[in-house]
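Undergrad: Mind folding the following:
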Amino acid sequence: MFAATLDAGTGAFHVVNYLCALPGPRILHGRAVSRLMDRTIGHLRAGLGRESERNLALAMHFPVGWDPYFKTVMTVADVCAYSIRHYDHHRRQLTTRRAIDN
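TA: Purely as a prediction, here's the structure:
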């Protein structure tokens, strides 16, 4: 039910997600983004390493309209794997854009 409610707001989510991302490059860029990302990934890895198999298997419904990598039901382990795919997706976008500009 919760995921269905979130799916109903997909259009608004995409608008807010886009608008919130616009000032990002003006605030953080270059080395600052790299340091923040390295620190965040380090914290995530440390936390993930402390999780039990039971906790990694916990699952819930996700709003599949929000992201092409979401599945109808995702476990904690799926969410961790999703974040890597999501990051790689955006990295490819940036790399492609840079190649087009050159």
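Undergrad: Secondary structure of residue 55: a helix, I assume?
TA: Yes. Residue 55 sits within a helix when classified using DSSP: H, G, I helix; E, B strand; the rest coil.
Undergrad: just use 423 as the starting number from now, easier for me
TA: New numbering, starting at 423: the last item is residue 477.
Undergrad: okay, now the residue lying closest to it once chain neighbours are set aside: neighbour count?
TA: Leaving aside its chain neighbours, residue 477 sits nearest to residue 498 (6.0 Å; criterion: CB to CB, 6 or more residues apart in numbering). No exception for glycine: its C-beta is placed from N, CA and C like everyone else's. When neighbours are defined as other CB atoms under 10 Å, residue 498 has 16 of them.
Undergrad: any idea how far residue 498 lies from residue 486?
TA: 18 Å (CB to CB, to the nearest Å).
Undergrad: which residues in this protein form helices?
TA: 424-430, 432-443, 446-449, 453-472, 475-478, 498-523 (DSSP state H).
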